[in-house]
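Student: Need coordinates for the following:
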Amino acid sequence: MASRAVAEKWLADLTNLPTASGHEDRVVEWVQGWADRRPDLTTTLDSGGNLYVTQKGRKSKKPVLAVAHMDHPAFVIEDEEGGFEFRGGVDEPYFREARVEVVSRPNGPTGTVVEYDPQSYHGKIRFTGDVAAGDIAMWRFGSTAQKRGLFRAPACDDLAGAAAALAALDKARGDADLRHFGVLLTRCEEVGLIGAIHAAKHQTIPSGARLLSIETSRELPNARIGDGPIIRIGDRSTIFDRDLSNLISRAAAADGLKHQRRLMDGGGCEATAFGVYGYQATGLCLALGNWHNRGNLSEVEDGDTSAAIPKLEEISIDDYHGLIDLLLLAARSVDSEDPLVRRLDALYETNSKYLS
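Tutor: Residues are numbered from 1 along each chain as shown. Sure, this is the predicted structure:
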């Protein structure tokens, strides 16, 4: 079972891997190696490259799957001249003469963005050295120092979610009551939830599975970093499954686990796709600073484009460990009876006389 320090090492390993939509190979390799060292786990790649990690042995309950995506916004180099496609959502001011570096190979060359078309997501980078098609580049960040109580890395979204899911799975191993708990890691979320849609449309996900879609979601005024992991009842597109959300919320409150329950409408979430295709899904997330590496995002959205400075993403270390605990609590609670029905029935029996 992973200690707190080991879970933080996995967090650091995963959030510093080079990744982009369609180029999640390094993350897949890391996770498969992690699972291979645990003979009671098995990994499966579906036809879209999504990675399914489950426990061996007979299960007495329908699956509960923690879902996170393996990609992060990044520059995908298309030719030796530095032409690129940017895969992910980042505002145009962040590209203006931005300094970048190739991160998919050791000591990759640095460069400066000299062209960018926000309509096509294509542009050009002038590099100091040779590049090749398929290289992944990210912004060059200023300070990389850690801050007290926070964890900072290039790609918390959503590799921090993947790390939390795997840490929870490691803790679930050996517990017969949690053998139904597994992990689904998806591809190409940043270009439209594509991996999640593929998994739903091609039945990668077992019938009857309950899905806990994990995100690191933009910090909001009422959803702050450090106030606990978040039970996400919806995103900017839809509301998630009521029963799952309520059961997990009540279990967290009864357990005394520090948490928040919020509508996180700053962005979209894979739970939306799962719900559309008929699966029971809700969301869990961590409040995230510098979402998609966009430092000073509120100022930029208010019109101050000079504030567009790429920065490392930030989460709370305590929130991360709280999310691991919340995942396990959720896996235990989703088969519980919802007490709300009994409470409403009792109210009706007592007070229906007023309808006469």
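
Student: how near is N293 to V90?
Tutor: As judged by C-beta to C-beta, to the nearest Å, N293 and V90 stand 7 Å apart. Every residue, glycine included, has its C-beta placed from N, CA and C.

Student: joint contacts of the two?
Tutor: P73 (C-beta atoms under 8 Å, 6 or more residues apart in numbering).

Student: Excluding chain neighbours, what is closest to L328?
Tutor: With C-beta to C-beta, 6 or more residues apart in numbering as the criterion, L328 has its nearest non-adjacent residue at 5.3 Å, and that residue is A168.

Student: could you pull out the strands for the stretch 1-150 of the chain?
Tutor: Per DSSP state E, counting those that start in this stretch, the stretch 1-150 of the chain carries strands over the ranges 41-45, 51-55, 64-69, 74-77, 83-87, 99-102, 110-117, 122-127, 136-139, 150-153.

Student: Domain ranges for this protein, per the record?
Tutor: What the record gives for the chain is the domain set 4-72+145-340, 74-139, from automatic domain parsing.

Student: for these, which one ends up most surrounded?
Tutor: Highest mean neighbour count of the domains of the chain: domain 4-72+145-340, a mean of 20 (counted as mean count of other C-beta atoms under 10 Å).

Student: how long is that one end to end?
Tutor: Terminal residues of domain 4-72+145-340 lie 35 Å apart, using C-alpha to C-alpha, to the nearest Å.

Student: Give the rounded mean pLDDT of it.
Tutor: Across domain 4-72+145-340, pLDDT averages out at 96.

Student: can the strands of the stretch 1-150 of the chain go into a markdown table with extra columns for distance to K201?
Tutor: Formatted as a markdown table, the strands of the stretch 1-150 of the chain follow (distance: least, C-beta to C-beta, whole Å):
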| stretch | distance to K201 |
| --- | --- |
| strand 41-45 | 16 |
| strand 51-55 | 15 |
| strand 64-69 | 15 |
| strand 74-77 | 25 |
| strand 83-87 | 21 |
| strand 99-102 | 34 |
| strand 110-117 | 31 |
| strand 122-127 | 28 |
| strand 136-139 | 27 |
| strand 150-153 | 32 |
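
Student: For S245, find the nearest of these.
Tutor: Taking C-beta to C-beta, strand 64-69 is the member of the strands of the stretch 1-150 of the chain nearest to S245, at 14.0 Å.

Student: what's the closest non-adjacent residue to L150?
Tutor: The nearest residue in space to L150 (C-beta to C-beta, 6+ apart) is E314, at 5.0 Å.

Student: Name the helix or strand for S213, please.
Tutor: strand 210-218 (DSSP states H and E).

Student: Direction included, what does that strand pair up with?
Tutor: Applying DSSP bridges to the sheet, strand 210-218 is found paired with strand 64-69 (parallel), strand 280-288 (parallel).

Student: Which one, of the ones you listed, ends up nearest to T112?
Tutor: Closest among these, using C-beta to C-beta: strand 280-288, at 27.1 Å.

Student: next SSE after the closest one?
Tutor: Later in the chain than strand 280-288, the nearest helix or strand by DSSP H and E is strand 294-295.

Student: Check which helices and strands that next one is in contact with.
Tutor: The helices and strands touching strand 294-295, judged by 3 or more C-beta pairs under 8 Å, 6 or more residues apart in numbering; DSSP states H and E, are strand 309-310.

Student: contacting residues around the strand it packs on?
Tutor: By C-beta under 8 Å, 6+ apart, the residues outside strand 309-310 that reach it are 94, 98, 139-142, 293-296.

Student: same thing but at 7 Å, please
Tutor: With contact meaning C-beta atoms under 7 Å, 6 or more residues apart in numbering, strand 309-310 is reached by 94, 98, 139, 141, 293, 295-296.

Student: can you give me the helices for the protein?
Tutor: 4-15, 25-36, 156-172, 194-201, 242-255, 270-276, 297-301, 317-333, 339-351 (DSSP state H).

Student: For S217, find the nearest of these.
Tutor: Among these, if distance is taken as C-beta to C-beta, the winner is helix 156-172, at 8.2 Å.

Student: hmm, back to that, could the domains of the chain go into JSON lines alongside distance to Y348?
Tutor: Below are those laid out as JSON lines (distance: least, C-beta to C-beta, whole Å):
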{"stretch": "domain 4-72+145-340", "distance to Y348": "13"}
{"stretch": "domain 74-139", "distance to Y348": "47"}
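
Student: Quick one, which of these gets closest to S356.
Tutor: domain 4-72+145-340 (25.3 Å).

Student: Tell me how far the closest residue to E8 other than its chain neighbours lies from L328.
Tutor: Computed as C-beta to C-beta, 6+ apart, the closest residue to E8 that is not its neighbour in sequence is I317, at 7.0 Å. Distance of I317 to L328, computed by C-beta to C-beta: 18 Å.

Student: So what does A98 have for phi and psi?
Tutor: phi -70, psi 140 (degrees, to the nearest 10).

Student: list the contacts for it?
Tutor: A98 neighbours (C-beta under 7 Å, 6+ apart): 113, 139, 310.

Student: could you redo the last one with a cut-off of 10 Å?
Tutor: With contact set as C-beta atoms under 10 Å, 6 or more residues apart in numbering, A98 has these partners: 75, 90, 111-114, 116, 123, 125, 139-140, 308-310.
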